[in-house]
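Peer 1: fold the following and give me the result.
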Amino acid sequence: MGGHHDPGPGWLTAAVVFTAAAGYLTLAVAAGRRGTGWPVRHTILWVAGLVIAAAAVSRPGHGFRDHMISHVLLGMVAPVALVLAAPVTLTLRALPVAAARRMARLLRCHPARFVAHPVTAAVLNTGGLWLLYTTDLYRYSTADPAVALLIHAHVLLSGYLFTAAMIGVDPAPHRPGRATRGVVLIASLALHDILAKHLWTHPPAGVPQAGAQAGAELMYYRGDLADLLLVVVFCAQWYHAAGRRDRVSGSVAGPPPSPARPGR
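Peer 2: Numbering: from 1, shown residues only. Okay, the predicted model is just below:
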């Protein structure tokens with residue numbers, strides 16, 4: 001067994017992508033009818049994220065390196081586009097007022113806040129990868145398509161959750177400050193790189209040494225490029241937020257007093 005990557009049923013992937021795209025477009029139309037409108041760029045980001053995720057799941061592969069390409073696309077690249085598409089904000093805009101309020105209360109409940117916390121999201125995301133590659137779980141996924149599909153779902157959802165905790169644009173009144181998120185982000189990226197180095201010398205069960213090294217190298221270098229995208233967005237958001245605070249504080253303070261005119 002050389003780490004064969006089963007892409008799973010193509011019809012299931014197509015059905016999920018079509019449903020997610022149709023649902024988003026339906027909500028966008030509903031938001032437009034309610035008079036709030038919805039930016040086209042968000043819709044483009046959502047569709048792009050779905051296409052990347054579908055390509056990651058459906059692409060054929062016959063080794064650990066191919067699996068790792070899918071991992072980077074599914075768990076690191078696609079979530080950035082999906083998160084920046086702001087699906088929660090769209091849903092709140094499209095729903096009737098009563099339903100939107102119920103959804104907002106649900107998002108503020110303690111279980112939702114716990115799962116969405118950056119530390120929890122990092123454990124589910126990065127910790128899940130350590131569990132996958134340092135136990136027999138990866139070997140089971142290569143032998144059972146159902147297990148492979150469940151792992152695909154976890155990688156995408158945990159990647160989305162982690163990305164949303166770091167750079168989410170949807171409402172999150174209890175989200176920790178950017179300094180806290182920055183520390184969690186750095187720690188998570190470091191653990192991801194450590195895992196890649198670990199796999200170089202400790203292949204997952206059933207993966208030959210050469211295949212493990214090829215996959216680990218891709219995880220380290222291509223993963224760093226995906227991480228860089230997340231870091232750039234994080235820093236850009238921090239910069240713009242600081243700029244908004246400066247403009248608000250300046251407007252509250254008012255214009256500086258005019259210099260006194262010299263007497264004659």
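Peer 1: where does this protein dip in pLDDT?
Peer 2: 1-9, 60-61, 244-264 (pLDDT under 70).
Peer 1: now the helices for it?
Peer 2: 10-33, 40-58, 64-72, 78-84, 87-94, 97-108, 110-116, 118-122, 128-134, 137-143, 145-167, 178-201, 209-253 (DSSP state H).
Peer 1: pull the distance from the fifth one to the chain's centre.
Peer 2: Helix 87-94 has its average C-alpha position 18 Å from the chain's average C-alpha position, going by Cα atoms, centre = their mean, to the nearest Å.
Peer 1: which residues are contacting it?
Peer 2: Contacts with helix 87-94, where a contact means Cβ atoms under 8 Å, 6 or more residues apart in numbering, come from 24, 26-28, 30-31, 34, 36, 38, 42, 46, 100, 103-104, 107, 169-171. (Each C-beta comes from the backbone N, C-alpha and C, glycine too.)
Peer 1: about what we covered before: next, format the helices of the chain as CSV and append mean neighbour count.
Peer 2: Shown next, in CSV, are the helices of the chain (neighbours: other Cβ atoms under 10 Å):
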stretch, mean neighbour count
helix 10-33, 14
helix 40-58, 19
helix 64-72, 23
helix 78-84, 24
helix 87-94, 20
helix 97-108, 12
helix 110-116, 12
helix 118-122, 20
helix 128-134, 18
helix 137-143, 18
helix 145-167, 20
helix 178-201, 17
helix 209-253, 15
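Peer 1: okay, L131 and A53: tell me how far apart.
Peer 2: Counting by Cβ to Cβ, to the nearest Å, the separation of L131 from A53 is 21 Å.
Peer 1: hang on, I meant H71
Peer 2: From H71 to A53 the distance is 12 Å (Cβ to Cβ).
Peer 1: repeat that for L106.
Peer 2: For L106 relative to A53 (Cβ to Cβ), the value is 25 Å.
Peer 1: and what of L218?
Peer 2: Distance, L218 to A53, by Cβ to Cβ: 18 Å.
Peer 1: how far off centre is stretch 210-222?
Peer 2: With Cα atoms, centre = their mean, you get 22 Å for stretch 210-222.
Peer 1: surely F64 and A214 touch.
Peer 2: Yes. If you go by Cβ atoms under 8 Å, F64 and A214 touch, sitting 6.8 Å apart.
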